[in-house]
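>>> Return atomic coordinates for the entry below.
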Amino acid sequence: MTILTTPRLRLEPLNESHLEELFVLNSDPEVMRYITGKPQTRDEALEMIELVKARWEKFGFSWWGFIELASGELIGAGCIQYLGRDPANPLEIGWRLRQDKWGQGFASEAAQRMAAFAFETQGADLLCAVCHQENSASAKVMQRLGMHYRGVEKWYDMDTAVYEMTRGEWDAKPVA
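Residues are numbered from 1 along each chain as shown. The predicted model follows:
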C-alpha cells in the first residue's frame, strides 16, 4: 500500500488505526452534506475501512487518510478509485476535509498528489471527479487541478457535475 506525501500532509491508506478520526470526519453533517446527505455512523465508518482495505489489496489504490504533518491528526480523506466503483470505468479522484481545514488549500494539495499517483503510477489515461451540483468548493478544486467540466451525469444515486482530465492534459500542465 502506497503512502503519499505533500509539503503539509501524509496520505496513508485507511485502516483501523484511523477509525475514530474518520468517524469524526464522516459523522459531521456539513462534511457529508454533498456526499451522501447524511452523517455516517461509527459502524459505517468501520465498514468503509474494511471495503477500502479490500480495494487496496485488489487494485493497489483506494482511500487515504490525510494526516496533517504539523498536528499528526487526520484532517480529511481522499481516493483514487474506479468511477462508480466499477473497474469498467475510468479512475475517479475524490476528497473530503474536516470543516476547520476548509479553505486552506489542503484539498488542492492532496488532489494534486493523488492525481500524480493516478497518472504517473497507475498509468491512467483519464481521471474523473464528480460532485454535487451545488458543491462549488469541490468544483473549484477540480478546476484548479486542471480538470474541465464534462456535464451532469447520474453517479452514486444523484445527478452530479462531472469533471475530467486526460493524461495528455496532465502531461501538458506547467510544473508548479
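
>>> all helices in the protein, in order from the N-terminus.
Listed in chain order, the helices of the chain (DSSP state H) span 19-26, 29-32, 42-59, 106-116, 136-145, 167-172.

>>> which of these is buried the deepest?
With neighbours defined as mean count of other Cβ atoms under 10 Å, the helices of the chain peak in mean count at helix 106-116, which reaches a mean of 20. For every residue, glycine as well, the C-beta is placed using N, CA and C.

>>> What is that one packed up against?
In this structure, helix 106-116 packs against strand 4-5, strand 9-13, strand 63-68, strand 74-82, strand 91-97, helix 136-145, with contacts taken as 3 or more Cβ pairs under 8 Å, 6 or more residues apart in numbering; DSSP states H and E.

>>> can these go into CSV with extra columns for mean pLDDT?
CSV is the format used below for these (pLDDT from 0 to 100):
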stretch, mean pLDDT
strand 4-5, 98
strand 9-13, 98
strand 63-68, 98
strand 74-82, 98
strand 91-97, 98
helix 136-145, 96
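
>>> Please work out which of these is packed deepest.
Comparing the helices and strands packed on helix 106-116 by mean neighbour count (mean count of other Cβ under 10 Å), strand 63-68 comes out on top with a mean of 24.

>>> could you say what helices and strands that one packs with?
Where contact means 3+ Cβ pairs under 8 Å, 6+ apart, strand 63-68 is packed against strand 9-13, helix 42-59, strand 74-82, helix 106-116.

>>> Ok, which of those comes nearest Tyr149?
With Cβ to Cβ, the closest approach to Tyr149 among these belongs to helix 106-116: 16.0 Å.

>>> Give me the contacts around that closest one.
By Cβ atoms under 8 Å, 6 or more residues apart in numbering, the surrounding residues in contact with helix 106-116 are 4-9, 11, 64, 66, 68, 75-76, 78-80, 93, 95, 97, 127, 137-138, 141-142, 144-145, 165, 170, 176.

>>> closest one to Glu153 among the helices and strands packed on strand 63-68?
Among the helices and strands packed on strand 63-68, the nearest to Glu153 by Cβ to Cβ is strand 74-82 (14.9 Å).

>>> residues touching the closest residue to Asp171 other than its chain neighbours, list them.
Nearest non-adjacent residue to Asp171, counting by Cβ to Cβ, 6 or more residues apart in numbering: Phe119, 7.7 Å away. Shown in contact with Phe119 (Cβ under 8 Å, 6+ apart): 127, 167, 170-171.

>>> would you turn those into CSV with pLDDT and distance to Glu47?
Formatted as CSV, these follow (pLDDT from 0 to 100; distance: Cβ to Cβ, whole Å):
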residue, pLDDT, distance to Glu47
Leu127, 98, 26
Arg167, 97, 33
Trp170, 96, 33
Asp171, 95, 37
